[in-house]
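# Sequence below, structure please.
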Amino acid sequence: MSPLETLGFTLGTSFAAGLNLYATVATAGLLDHYGVIHLPPHLAVLGQPLVWGIALAIFAVEFVADKIPLVDSVWDTLHTFIRPPAAALLAYGSFADVPEPWKIGAALLAGSVALTSHGAKATTRVAANTSPEPFTNWALSVTEDVTAVGLSWLAATHPVVTGAIVAVLVIGCGLVIWKLWGFARKAFVSLRTPREVTGNR
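Here you go, the predicted model:
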C-alpha cells in the first residue's frame, strides 16, 4: 500500500472498530487469509485462523448482547476502554515502516476516529433505550454490524475512497454526539431514578 492508501485503510478500520471491533478484526483477517487483500506485514497475524476465529466468537457474543436494551449500554461502556486503544494499535501496526513520530501520530488519529464513532454509537443507544420496544435497538445494532463489516471491506479494497467517506462520517458522528449528549444524559438519569426510589423504600 502507498502511504495514502495506508492512511485510508487506517481511517476506515478505525471508524469500523469504534462500532464493532471484533467484526472489523474478523473481516480484515478473513480477507487476508483468503487472499482477497494483503494486510501490512505487521498486521498479517490477523489473517491467522486462531486470531480471526477468536474475533468471530466474540463477535457472536456481541451480536446478542448488543441487541438487548441496557445490556448494550453496559457493553458499550466497557468497550470505551477497548475499541479506541485497539484501533490505535492497528494503526501503529499499519504504519510500522515509517518513523516513530508518524506511527504515534497515526495511532492517536486512529484512536480519536474510533472514539468518535464509538461515542456516536453509545449515545444513540442510550437515547434508544428510553423506548420500551426492542426493535429500534435491533435495527441500530444490525446497521452498525453491517457498517463495520462493509467499511472494513471497503477500507481493504478501496482505501483512498474510504478515507474520504470516513472524513464525512466523523463530522456526522460529531453532530450526532453534540445533539444527543444532553438527551442521553437525561435518559441515563431517568433510568437510574426508579432504582434509587426502590432502594429508598
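# Look at residue 97 and give its secondary structure.
Classification of residue 97 by DSSP: H, G, I helix; E, B strand; the rest coil places it in coil.
# Against residue 1, how distant is it?
10 Å (Cβ to Cβ, to the nearest Å). From N, CA and C alone the C-beta is placed, and that goes for glycine too.
# Please write out the alpha-carbon positions of stretch 54-73 in PDB.
Extracted in PDB, the C-alpha atoms of stretch 54-73 (Å, rounded to 0.1, in the frame of the first residue of the first chain):
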ATOM      1  CA  ILE A  54     -11.500 -15.700  18.300                       C
ATOM      2  CA  ALA A  55     -12.700 -12.400  16.800                       C
ATOM      3  CA  LEU A  56     -15.700 -14.200  15.200                       C
ATOM      4  CA  ALA A  57     -16.500 -16.000  18.500                       C
ATOM      5  CA  ILE A  58     -16.500 -12.700  20.500                       C
ATOM      6  CA  PHE A  59     -18.500 -11.000  17.700                       C
ATOM      7  CA  ALA A  60     -21.100 -13.700  18.100                       C
ATOM      8  CA  VAL A  61     -21.400 -12.800  21.800                       C
ATOM      9  CA  GLU A  62     -21.500  -9.100  21.000                       C
ATOM     10  CA  PHE A  63     -24.100  -9.700  18.300                       C
ATOM     11  CA  VAL A  64     -26.500 -11.000  21.000                       C
ATOM     12  CA  ALA A  65     -25.500  -8.600  23.800                       C
ATOM     13  CA  ASP A  66     -25.700  -5.500  21.500                       C
ATOM     14  CA  LYS A  67     -29.400  -6.200  20.900                       C
ATOM     15  CA  ILE A  68     -30.600  -6.300  24.500                       C
ATOM     16  CA  PRO A  69     -31.600  -2.900  25.900                       C
ATOM     17  CA  LEU A  70     -29.400  -1.700  28.800                       C
ATOM     18  CA  VAL A  71     -27.100  -4.600  28.300                       C
ATOM     19  CA  ASP A  72     -25.900  -2.900  25.100                       C
ATOM     20  CA  SER A  73     -25.100   0.300  27.000                       C
END
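# I'd like the average pLDDT over it.
For stretch 54-73, mean pLDDT is 92.
# got the buried residues for it?
55, 56, 59, 62, 66, 67, 68, 69, 72, 73 (16 or more other Cβ atoms under 10 Å).
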